[in-house]
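> Got a predicted structure plus its sequence, pasted below:
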Amino acid sequence: MNNYTTIRVNTSKQYDVLVCNGSLAEIGAVVANQFDKCRIAILTDDIVNSLYADTVTESLQQNGFSCVKYIFPNGERSKNINTVLGFINFLAAEQITRSDLILALGGGVVGDMAGFASAIYQRGIRYIQVPTTLLAAVDSSVGGKTAVDISAGKNLIGAFHQPSLVICDTATLETLPANILRDGYAEVIKYGVILDKKLFDILSRSTKGNPEEIIARCISIKRDVVTADEFDKGERQLLNFGHTLGHSIELLSNFTITHGEAVAKGMVIAAKLGKECGYADVVEPIKNIVEMYGFDTSCPYSAEQLYRVSLSDKKRQKEKITIVIPESVGKCILHTIPTEELLSLLNRIKL
Ligand code: NAD
Ligand code: GLY
């Protein structure tokens with residue numbers, strides 16, 4: 001067996017996140033270490049299916065698991081209730097029971113839907129996350145947020161349902177298109193800014209850092225945050241650094257600006273808002289690092305446009321909105337302001 005970095009997550013359910021280069025080929029043995037033989041229903045998209053599903057299925061079968069697989073067209077447009085219903089009907093037709101397992105093989109879209117289906121099928125079944133994008137490895141596969149999109153907005157239907165195991169093979173990142181890998185780095189940089197100055201420094205030194213070390217570091221931070229606030233009542237909102245305005249930018253662009261690109265712009269705007277509120281001036285280091293990773297930090301929208309769309313953010317509470325603001329690199333705080341103050345702040349900064 002390969003050497004794994006193991007991060008134990010102690011939420012309402014305890015589980016391990018295992019990180020290793022080359023883990024997919026021996027995933028059957030890894031799963032057999034933790035679970036009795038059962039049936040495994042794999043959810044994946046068409047691209048990931050063609051790249052990795054055979055390796056995973058063969059390894060699981062060699063270790064005594066029997067597998068069935070449901071494939072959907074890749075992309076955010078598939079992340080809806082119809083795909084989940086299709087998968088759930090498939091689980092029922094295959095007579096998958098609560099003593100079986102669901103396995104999410106893919107990026108955040110696969111993971112969010114497999115997690116949601118696992119939360120609701122037969123009132124809850126165990127699932128394993130096998131992330132194959134950097135974003136999924138450092139963020140969506142850990143912490144138990146599961147969801148689908150509806151026309152009114154992203155992730156508006158969902159449930160908290162922790163996975164039973166996460167297995168991350170860093171070798172899968174090698175087949176990622178450059179723009180999708182870069183999107184993941186926006187989240188990695190986010191962890192550095194919110195809670196880990198040392199990670200920020202590692203990332204600032206070179207864009208070619210050790211993926212296993214970087215991913216394990218990010219997961220450890222996420223583990224600490226979700227352990228402290230599993231149900232997103234407080235501290236977990238720190239993970240939204242760059243996301244409130246990032247989501248507005250994504251929406252305003254009709255998703256032609258990707259999530260990572262939008263978060264990169266959102267982090268720079270949040271730093272400017274922090275400076276305007278009288279906190280430290282960390283605009284330059286944040287702008288520099290996101291540009292170093294190839295992001296454009298300009299904002300093509302006006303203060304009024306950003307404000308109007310951010311009002312529909314599901315994290316808004318009545319007449320107040322919480323923004324995540326850096327006090328320094330490696331330390332962010334939650335700053336709750338009346339919604340109209342956000343407009344005034346956005347009008348005062350240079351976007
Ligand atoms: P994704 O799952 O759509 O993957 C992006 C693209 O990469 C897809 O076309 C996919 O087929 C392809 N792909 C995946 N792995 C590949 C590989 N190894 N090689 C080549 N191509 C590969 O998107 P994503 O960026 O991974 O995730 C975005 C989703 O994650 C969003 O829906 C977002 O809401 C969600 N998310 C959830 C959480 C959470 O906590 N649950 C956190 C952050 C984001
Ligand atoms: N990705 C944000 C969270 O898990 O809370």
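Cool, got the structure. Ligands and ions are numbered 1, 2, ... in the order given.

> Below-threshold pLDDT in this structure: ranges please.
313-315 (pLDDT under 70).

> Any idea how far the helix or strand hosting L251 is from the middle of the chain?
For L251, the host element (DSSP states H and E) is helix 243-252. Centre-to-centre, helix 243-252 and its host chain are 16 Å apart (CA atoms, centre = their mean, to the nearest Å).

> That one near ligand 1 anywhere?
No - judged by CB under 6 Å from any ligand atom, helix 243-252 stays clear of ligand 1, getting no closer than 8.8 Å. (C-beta placed from N, C-alpha, C; glycine too.)

> Just the residues contacting that helix, thanks.
154, 257-259, 262-267, 269-270, 299-301, 305-306, 309-310, 313, 315, 321-324 (CB atoms under 8 Å, 6 or more residues apart in numbering).

> Identify each buried residue in that helix, please.
For helix 243-252, the neighbour count (16 or more other CB atoms under 10 Å) marks H243, T244, L245, G246, H247, S248, I249, E250, L251, L252 as buried.

> what does stretch 76-84 give?
By neighbour count with 16+ other CB under 10 Å, stretch 76-84 contains the buried residues S78, K79, N80, T83, V84.

> Now do the contacts for the residue lying closest to A186 once chain neighbours are set aside.
Distances taken as CB to CB, 6 or more residues apart in numbering place G260 nearest to A186, at 3.8 Å, with adjacent residues excluded. G260 is in contact with L135, R182, D183, G184, Y185, A186, E187, F295, counting by CB under 8 Å, 6+ apart.

> Who wins on neighbours among those?
Most neighbours among the contacts of G260, by other CB atoms under 10 Å: G184, with 28 neighbours.

> and that one, what does it touch?
T133, L134, L135, A137, V138, L173, L176, G260.

> at 6 Å what do you get?
T133, L134, L135 (CB atoms under 6 Å, 6 or more residues apart in numbering).

> And Q122, how close does it get to F72?
21 Å (CB to CB, to the nearest Å).

> and if you look at L251?
23 Å.

> picking up where we left off before, among the buried residues of stretch 76-84, which ones are in helices?
Residues of the buried residues of stretch 76-84 located in helices (DSSP state H): T83, V84.

> Any chance you could list what contacts stretch 289-297?
Residues contacting stretch 289-297 (CB under 6 Å, 6+ apart): R182, Y185, I189, S204, E261, A264, K265, V268, K287.

> mind running it again at 8 Å?
Contacts of stretch 289-297 (CB under 8 Å, 6+ apart): 182, 185-186, 189, 192, 200, 203-204, 207, 260-261, 264-265, 267-268, 287.

> where along the protein do the helices fall?
Using DSSP H, helices in the chain cover 27-34, 46-48, 54-62, 81-93, 108-120, 134-135, 178-195, 197-205, 211-228, 243-252, 259-276, 283-292, 303-310, 339-348.

> Packing partners of the fourth one?
Put plainly, it is helix 81-93. Packing partners of helix 81-93 (3 or more CB pairs under 8 Å, 6 or more residues apart in numbering; DSSP states H and E): strand 39-45, strand 66-72, helix 108-120, strand 145-150.

> angle of it against strand 145-150?
Here helix 81-93 runs at an angle of 120 degrees relative to strand 145-150 (axes from the mean of the first three to the mean of the last three CA atoms, to 10 degrees).

> The nearest residue to K272 once chain neighbours are set aside: what's it in contact with?
Nearest non-adjacent residue to K272, counting by CB to CB, 6+ apart: I349, 4.3 Å away. Applying CB under 8 Å, 6+ apart, we find I349 in contact with I269, K272, L273, K275, E276.
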